[in-house]
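1. Predicted model and sequence below, questions to follow.
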Amino acid sequence: MKHLVALLAVLGAAPLTAQTPCVAPAGSPEAQTMGTKSVAIAFTPTRGPARMPAGRVELGLGVLTVPEVSDYENTPVTCFSGQTLANTNALVVAAQPRIRVGLGSGFAAEAGWVPPIPVSGIQANILGLGADWSSSPLGGVLVANFSLNAAFGSVHGSFTCDEADVQDPANYCYQGTPSDDSFMPAVYGADLTLGASFSRGTLRPYVGGGYTRLMPRFQVNYTNALGIVDDSKVESNLNAAAIFGGLTWDLARRWSVTGQFFSLVTYGSSVSLTGRFAVGKLGS
């Protein structure tokens, strides 16, 4: 989750006094930055529509790309202005473990968790939850799926002022203490997917779209050279249309792989590759 250092851009030249949260409106560089970095957090299905029998469990691990923050997004103007902080696109890929359970009658539930294990000074604790329903094959080929999903949690790290910043005389963080900031993403979605089933269900292309609600929050925790604490807050409430498509290929009775393109319109896109291994009941 180190890619969340992108939120440094939200806090360039932050004032060193406590304050109420600054609300970044949609379209502002601050909101765009948080929206862009929320794309990779969205807990999308990453699976071609197909009914899972009750008792079937799929263990999955995906690798997905992290969209980059543009130069425009990298320059805050609404909540703060002045120095733009760099290193916002350090991470280009991320991992996403999952578990999916068939509940019967076309229903399934899914969960994913990024545990709070420090990596390169960053500690994330992100939970993803999803629930969906798949129809029986329509005309023997088409399958529809409706899903609800959510992802939320926290990420801690020196996003505002890192070791290099506090040693740089040209940086406003100079001679302070590396910050211990918190990013609290929240992404909620409702999606409709239409898929097809070929080669006895082993190839399942699909396309879909939906509505996504983004409610990211950021909390600064930085102490400057004079011992003054900066606890500035930035928040935004955003709406986005989601569009996606992909292909699931069942490699064997228990193994499958899915390639997917996912985009939150106006905020960014991500591609993913997810492998799954099934345990328990295999029949439809």
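-> Looks like it came in fine.
2. Can you give me the pLDDT of residue 174?
-> You'll see residue 174 listed with a pLDDT of 88.
3. For it, grab phi and psi.
-> Note on residue 174: backbone dihedrals following degrees, to the nearest 10 are phi -50, psi 130.
4. so it makes contact with residue 166?
-> Yes - counting by Cβ atoms under 8 Å, residue 166 is a contact partner of residue 174 at 6.3 Å. All C-beta spots, glycine's among them, are computed from the backbone N, C-alpha and C.
5. Looking at the two, which one has more neighbours?
-> The neighbour count for residue 174 versus residue 166, taken as other Cβ atoms under 10 Å, is higher for residue 166 (19 against 14).
6. From the contact counts, what lies against the longest strand along the chain?
-> Identified as the longest strand of the chain according to DSSP state E is strand 142-157. Here strand 142-157 touches strand 123-134, strand 181-184, strand 186-196, strand 203-214, going by 3 or more Cβ pairs under 8 Å, 6 or more residues apart in numbering; DSSP states H and E.
7. just checking, next helix/strand downstream of whichever helix in the chain runs longest?
-> What stands out as the longest helix in the chain, according to DSSP state H, is helix 29-38. Proceeding N to C from helix 29-38, the next assigned helix or strand is strand 57-65, under DSSP states H and E.
8. Single out the most deeply packed of the helices and strands packed on strand 142-157.
-> Highest mean neighbour count among these (mean count of other Cβ atoms under 10 Å): strand 181-184, with a mean of 22.
9. Now do the next helix or strand along the chain from the longest strand of the chain: everything it contacts.
-> The first helix or strand that comes after strand 142-157 along the chain, using DSSP H and E, is helix 163-166. With contact meaning Cβ atoms under 8 Å, 6 or more residues apart in numbering, helix 163-166 is reached by 85, 171, 173, 174, 175, 176, 177, 178.
10. Could you tell me which of those residues count as buried?
-> Among the contacts of helix 163-166, those buried by neighbour count (16 or more other Cβ atoms under 10 Å) are 85, 171, 173, 176, 177, 178.
11. Quickly note the distance from the residue lying closest to the fourth one once chain neighbours are set aside to residue 189.
-> In this structure, residue 176 finds its nearest non-sequential neighbour in residue 224, 4.3 Å apart by Cβ to Cβ, 6 or more residues apart in numbering. For residue 224, the distance to residue 189 under the criterion Cβ to Cβ, to the nearest Å works out to 39 Å.
12. OK, contacts around the closest residue to residue 45 other than its chain neighbours?
-> Nearest non-adjacent residue to residue 45, counting by Cβ to Cβ, 6+ apart: residue 147, 5.4 Å away. Neighbouring residues of residue 147 by Cβ under 8 Å, 6+ apart: 45, 130, 131, 132, 133, 189, 190, 191, 193, 210.
13. Give the bridge partners for residue 147, please.
-> Judged by DSSP bridges, the bridge partners of residue 147 are residue 132, residue 191.
14. May I have the predicted confidence score for it?
-> Per-residue pLDDT puts residue 147 at 97.
15. I'd like the distance between the residue nearest to the spatial centre of the chain and residue 154.
-> The residue lying closest to the centre of the chain (Cα atoms, centre = their mean) is residue 41, at 0.9 Å. Separation of residue 41 from residue 154 (Cβ to Cβ) stands at 12 Å.
16. for residue 138, same thing?
-> Noted for residue 138: a distance of 42 Å to residue 154, by Cβ to Cβ.
17. quick one: which of the two has more around it?
-> Taking neighbours as other Cβ under 10 Å, residue 138 and residue 154 compare with residue 154 leading, 15 against 12.
18. What residues are bridge-paired with the residue nearest to residue 184 when sequence neighbours are not counted?
-> Excluding its sequence neighbours, the residue lying closest to residue 184 (Cβ to Cβ, 6+ apart) is residue 217, at 4.2 Å. On the basis of DSSP bridges, residue 217 is bridged to residue 184, residue 235.
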